[in-house]
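Peer 1: model this:
(chains A and B)
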Amino acid sequence: MADFSFDRHAFWAGFRDIFPLAVPGIPFGFVLGVVIAESGLDRFVAWLSSPIVLAGASQLAAIELLAESAGAAVVLVTVAFINSRHLMYSAVLRPTFSNFPKWFKIIGPYLLIDQAFALAITQPDDTDDRARMWHYLGSGALVWLVWMASTGMGVVVGDIIEPEWQLGFAVPLLFGGLMIISITNRAGIVAAVVGAVVAVLGANLPQGSGVLLAIVLGVVAGGIADTRLGATPEAAP
Amino acid sequence: MSLFLTILAAGVITYVTRASLIVVGDRVTLPGQVERALKYVAPAAFAAIAAPALLGGDQFAAFGDDIPRIVAVLLAGVVIAKTQSVPLSLFTGMSALWLILWVS
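Peer 2: A predicted model of the protein is given here:
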């Protein structure tokens, strides 16, 4: 059994290394917190989505849907769709994590957020397993703390924020921005256009199911375009 | 289902997604077609969530009122396309919106 005892140096290195990646999450978390405060949902329970789900875009989508009293099924399928990219992360990191202890394989995936993934795959090849594992856990710990604090602060400060400030408008801006970043080829444009058009046309479908239909049709259209258009540059993590 | 149970279920789904291939190890691989399709979940999903919210539901009723928002979206779009920075585009879009609303 290899030595996986606490590696303080690697842990704090991970904690520090992810800092620049974690900072951009602060305004995102803050906006999510404000949206929770203004959603009319039980704020503490809605905030619990931060420690329980720990995935910003899907939390924001879920809160928005829940505030519009969408059905639980629609909320859960939407969350599953938005977080399906983590399946890719899981596949990519499997060889890296394969020799790590069992307890890590239970805790590690909980912390598999975009930033931790990006940092984990960019560690030097000659890093040994013990250092790699504690580096990952250190980076996850910082992102976790930042996310809890920034969403919590948004919830608390949400009351002071006046509706005239239109802070709710930050939500579509944010998702629009994420959309632009996630488009890496022409098939991605097809997926986004189909997703947007279907979502607008289906805005009045019951229980928010228009969003789901839009995601499904967008993915299918993207997949078809991918095959038709051939060569696909690698998607950014 | 209560709010808490829905959130708990969302957490379980997310965790299972993240843990799946790490835990089952080498026994399962994703078919190439599925892996390719997964790449388009992000643009499709983010567009589907952003588009109806950007139009705000009353897009045809009061087009004039939407001009500050349209300008804000366009500016934020330019910034993110150039810089790939979500916070910077958020900041630009909201500042533009506030500035226009304050001036007018």
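Peer 1: Centre-most residue in the chain?
Peer 2: If you meant another chain, say so; for now it's chain A. A:Ala55 (3.8 Å; CA atoms, centre = their mean).
Peer 1: actually it's chain B I care about, not the one you picked
Peer 2: Chain B, centroid-nearest residue using CA atoms, centre = their mean: B:Phe46 at 3.6 Å.
Peer 1: quick one: it and A:Pro172 touch, right?
Peer 2: No. Look at B:Phe46 against A:Pro172 with CB atoms under 8 Å: they stay out of range, at 9.9 Å. (C-beta placed from N, C-alpha, C; glycine too.)
Peer 1: which parts of the helix or strand where A:Val146 lies are buried?
Peer 2: Applying DSSP states H and E as the criterion places A:Val146 in helix A:129-157. Of the residues in helix A:129-157, A:129-144, A:146-147, A:150-152, A:154-155 count as buried by neighbour count, 16 or more other CB atoms under 10 Å in any protein chain shown.
Peer 1: does the residue nearest to the centre of chain B sit in a helix or strand, and which one?
Peer 2: helix B:41-55.
Peer 1: For chain B, which element, helix or strand, carries the lowest mean pLDDT?
Peer 2: The helix or strand of chain B with the lowest confidence, counting by mean pLDDT, DSSP states H and E, is helix B:32-38 at a mean of 78.
Peer 1: separation between A:Phe4 and A:Phe100?
Peer 2: 7 Å (CB to CB, to the nearest Å).
Peer 1: Who has more neighbours out of the two?
Peer 2: A:Phe100 (19 against 15; other CB atoms under 10 Å in any protein chain shown).
Peer 1: Just the CA atoms of stretch B:75-92, as CSV, please.
Peer 2: Output of stretch B:75-92 as CSV, limited to C-alpha atoms (Å, rounded to 0.1, in the frame of the first residue of the first chain):
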residue,chain,number,x,y,z
LEU,B,75,-21.2,44.9,-25.1
ALA,B,76,-21.0,41.9,-22.7
GLY,B,77,-20.9,39.6,-25.8
VAL,B,78,-18.0,41.5,-27.4
VAL,B,79,-16.1,41.5,-24.1
ILE,B,80,-16.4,37.8,-23.5
ALA,B,81,-15.6,36.9,-27.1
LYS,B,82,-12.4,39.0,-26.8
THR,B,83,-11.3,38.1,-23.3
GLN,B,84,-13.0,34.8,-22.4
SER,B,85,-13.6,36.3,-19.0
VAL,B,86,-17.1,35.8,-17.5
PRO,B,87,-16.6,38.3,-14.6
LEU,B,88,-15.3,41.0,-16.9
SER,B,89,-18.3,40.6,-19.3
LEU,B,90,-20.7,40.6,-16.4
PHE,B,91,-19.2,43.8,-15.1
THR,B,92,-19.3,45.4,-18.5
